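[1] I would like to see how this sequence folds:
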Amino acid sequence: MAKYGKAEVLEFHQGGKVGVCLSKPLVTSDDLCLAYTPGVAHAVKEIAANPDAKFDYTAKRNLVAVVSDGTAILGLGDLGATASIPVMEGKAVLFKAFGGVDAWPVPLDHCRMNGENTGKTDPKRVIEAVKMIAPQYGGINLEDIAAPACFEIEDTLDRELDIPVFHDDQWGTAVITTSGVMNYAFLKGKRMDELKVVVNGAGAAGTRIADMLKAAGVKDLVMFNSKGVLTPATAGLSKYTAAHVRADVDPGLTRGQALKGADVFVGVSRANILSAEDVAGMDEFPAIFAMANPDPEIAPEVVAEVFKGKRYVMVTGRSDYPNQINNVLCFPFLFRGALDCRATTINTAMKVAAANALAMLAREPVPAEVQALYPNEKLEFGIGYIIPKPFDKRLKDVVPKAVADAARASGVARA
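    Predicted structure coming up:
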């Protein structure tokens with residue numbers, strides 16, 4: 001944020017970042033009669049007689065609701081639904097700019113009682129609210145909703161609605177991280193099931209990263225939360241995170257001990273929790289995915305000093321270092337594919353397909369126009385470039401197709 005001052009950012013946000021763009025002309029009296037009464041009655045009756053016609057005669061086929069209750073805004077915490085709107089508008093901008101998907105912010109101010117912010121997400125109220133607005137939308141993108149409520153909300157809506165429901169804070173980082181690990185494994189010459197992985201951070205993102213890595217083939221994965229390594233004795237775990245406890249590890253295992261001989265460290269936790277000694281014990285040619293923002297679990301400069309003269313992969317969530325994990329690489333293209341085939345859900349097969357498509361694209365030669373946008377980086381597949389850049393226009397062709405193909409193969413596509 002140091003690069004962009006408060007005044008500059010607030011000036012940019014004056015008047016908001018989204019608006020309505022008409023897809024049909026409205027310049028004559030005939031246009032008015034077609035768009036509204038009396039002509040609109042034909043579309044109404046067509047949908048009433050055939051509910052699937054809603055995809056043909058409304059904006060539903062390309063419209064996503066970006067839903068938040070503001071209980072986990074970026075790294076700022078619980079600031080409420082109203083304060084979440086700039087982020088939700090930003091999400092809508094990214095949907096349109098990168099995926100050609102129309103999206104609209106839907107802030108839900110449910111966490112209040114007598115005018116006071118209760119600070120707690122009520123899953124039932126969120127679920128009911130989203131179900132009420134769902135008829136207009138072809139997909140639901142959940143955003144900045146605190147764990148563990150976010151798990152129940154996504155699972156229930158995914159089960160009860162016939163449109164894709166996707167919580168980006170859970171799955172976006174997970175999909176892109178998985179693509180990065182796939183390419184790291186390729187560079188190292190190991191299969192995914194041969195990797196030893198340590199995950200630090202057992203919230204929404206960490207839990208789903210572990211889910212995704214296992215779905216992609218990883219078998220040896222140890223997870224830590226703020227209290228230590230996850231074992232059957234760890235208290236207070238949600239059923240989602242509890243799926244990653246390890247009964248075969250010592251409850252006193254430290255991160256440094258777990259990293260001995262590990263191939264991959266994945267951090268979605270807090271700044272500077274790893275030491276130089278911790279990463280020095282990793283296997284030859286390791287990968288460090290230190291994605292805490294704005295400051296990673298270990299500074300890239302420290303890692304560079306540890307592995308001076310040796311090969312390693314460094315990944316962060318920051319744009320000022322190579323290999324940035326940025327969710328914009330996932331959600332616009334994942335939804336584009338899901339909407340194109342009118343999928344009823346976004347399942348694991350579709351997420352793995354997206355991760356694999358991202359990984360394979362990074363191995364292709366980078367177009368000159370993309371390289372020109374990053375003059376200080378050499379965009380050539382290798383340790384400094386294992387993840388595509390968001391402005392690579394090929395993403396819109398490659399990732400949605402892979403997602404739609406996976407949807408059709410897994411039986412959840414309607415077109």
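[2] from Gly382, how far out is the closest residue to Asp340 other than its chain neighbours?
    The shortest distance from Asp340 to any residue other than its chain neighbours is 5.2 Å, reached at Ala404 (Cβ to Cβ, 6 or more residues apart in numbering). All C-beta atoms are positioned from the backbone trio N, CA, C, and that covers glycine. Separation of Ala404 from Gly382 (Cβ to Cβ, to the nearest Å) stands at 30 Å.
[3] so those two - more neighbours on which side?
    Ala404 (22 against 15; other Cβ atoms under 10 Å).
[4] may I have the helix or strand hosting the more buried one as PDB, with CA atoms only?
    Ala404 belongs to helix 395-409 when assigned by DSSP states H and E. Coordinates of each C-alpha in helix 395-409 appear next as PDB, following Å, rounded to 0.1, in the frame of the first residue of the first chain:
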ATOM      1  CA  LEU A 395      -6.100 -17.800 -19.500                       C
ATOM      2  CA  LYS A 396      -9.600 -17.000 -20.800                       C
ATOM      3  CA  ASP A 397      -9.300 -19.700 -23.400                       C
ATOM      4  CA  VAL A 398      -7.400 -22.400 -21.500                       C
ATOM      5  CA  VAL A 399      -8.800 -22.500 -18.000                       C
ATOM      6  CA  PRO A 400     -12.600 -22.200 -18.700                       C
ATOM      7  CA  LYS A 401     -12.400 -24.900 -21.300                       C
ATOM      8  CA  ALA A 402     -10.600 -27.300 -18.900                       C
ATOM      9  CA  VAL A 403     -13.200 -26.500 -16.200                       C
ATOM     10  CA  ALA A 404     -16.200 -27.000 -18.600                       C
ATOM     11  CA  ASP A 405     -14.700 -30.300 -19.900                       C
ATOM     12  CA  ALA A 406     -14.300 -31.500 -16.300                       C
ATOM     13  CA  ALA A 407     -17.900 -30.500 -15.500                       C
ATOM     14  CA  ARG A 408     -19.200 -32.500 -18.500                       C
ATOM     15  CA  ALA A 409     -17.000 -35.500 -17.700                       C
END
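[5] which secondary structure elements does it contact?
    helix 81-99, helix 331-340, helix 348-362 (3 or more Cβ pairs under 8 Å, 6 or more residues apart in numbering; DSSP states H and E).
[6] ok, and what's touching it?
    Here helix 395-409 makes contact (Cβ atoms under 8 Å, 6 or more residues apart in numbering) with 98-100, 329, 333-334, 336-338, 340-341, 343, 346-347, 349-350, 352-354, 356-358, 360-361, 388, 413.
[7] just the buried subset of those, please.
    Neighbour-count burial (16 or more other Cβ atoms under 10 Å) applied to the contacts of helix 395-409 gives 98-99, 329, 333-334, 336-338, 340-341, 343, 346-347, 349-350, 352-354, 356-358, 360-361, 388, 413.
[8] ok but Ile133 is inside a strand, no?
    No. According to DSSP: H, G, I helix; E, B strand; the rest coil, Ile133 belongs to no strand; its state is helix.
[9] next one, pLDDT for it please.
    If you check Ile133, the pLDDT there is 97.
[10] burial check on it, number of neighbours?
    Neighbours of Ile133 under the rule other Cβ under 10 Å: 14.
[11] I'd say it and Ala65 touch.
    Yes. The pair Ile133 / Ala65 is scored as a contact, 6.3 Å apart, by Cβ atoms under 8 Å.
[12] stretch 380-392: which residues count as buried?
    Taking 16+ other Cβ under 10 Å as the criterion, stretch 380-392 shows Phe381, Ile383, Tyr385, Ile386, Ile387, Pro388, Lys389, Pro390, Asp392 as buried.
[13] spatially nearest residue to the second one (excluding sequence neighbours)?
    Of all residues not flanking Ile383 in the chain, Val313 sits nearest, at 5.1 Å (Cβ to Cβ, 6+ apart).
[14] now the fifth one
    Leaving aside its chain neighbours, Ile387 sits nearest to Gly180 (5.2 Å; criterion: Cβ to Cβ, 6+ apart).
[15] one step back: and the residue nearest to Ile383, what is it in contact with?
    Gly180, Tyr184, Leu187, Phe285, Pro286, Ala287, Ile288, Asn323, Ile383, Ile386.
[16] domain parsing for this protein?
    For the chain, automatic domain parsing gives the domain ranges 58-163, 169-415.
[17] mind putting those in TSV, distance to Leu10 included?
    Conversion of the domains of the chain to TSV gives the following (distance: least, Cβ to Cβ, whole Å):
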stretch	distance to Leu10
domain 58-163	10
domain 169-415	19
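[18] show me where the stretch 51-200 of the chain has its helices.
    Taking DSSP state H, counting those that start in this stretch to define them, one finds helices in the stretch 51-200 of the chain at 54-57, 81-99, 123-133, 149-160, 168-188.
[19] deepest-packed of these, please.
    The highest average neighbour count among these, using mean count of other Cβ atoms under 10 Å, belongs to helix 168-188 at a mean of 25.
[20] what about the nearest residue to Pro105 once chain neighbours are set aside, distance to Asp320?
    What sits nearest to Pro105 in space, not counting adjacent residues and going by Cβ to Cβ, 6+ apart, is Met88, at 3.5 Å. From Met88 over to Asp320 the distance is 25 Å, taken as Cβ to Cβ.
[21] how near is the residue most central in space within the chain to Leu334?
    By Cα atoms, centre = their mean, the mean C-alpha position of the chain lies nearest to Gly172, the distance being 1.4 Å. According to Cβ to Cβ, Gly172 and Leu334 sit 8 Å apart.
[22] give me the number of residues near Lys239?
    Residues within reach of Lys239, counting by other Cβ under 10 Å, total 9.
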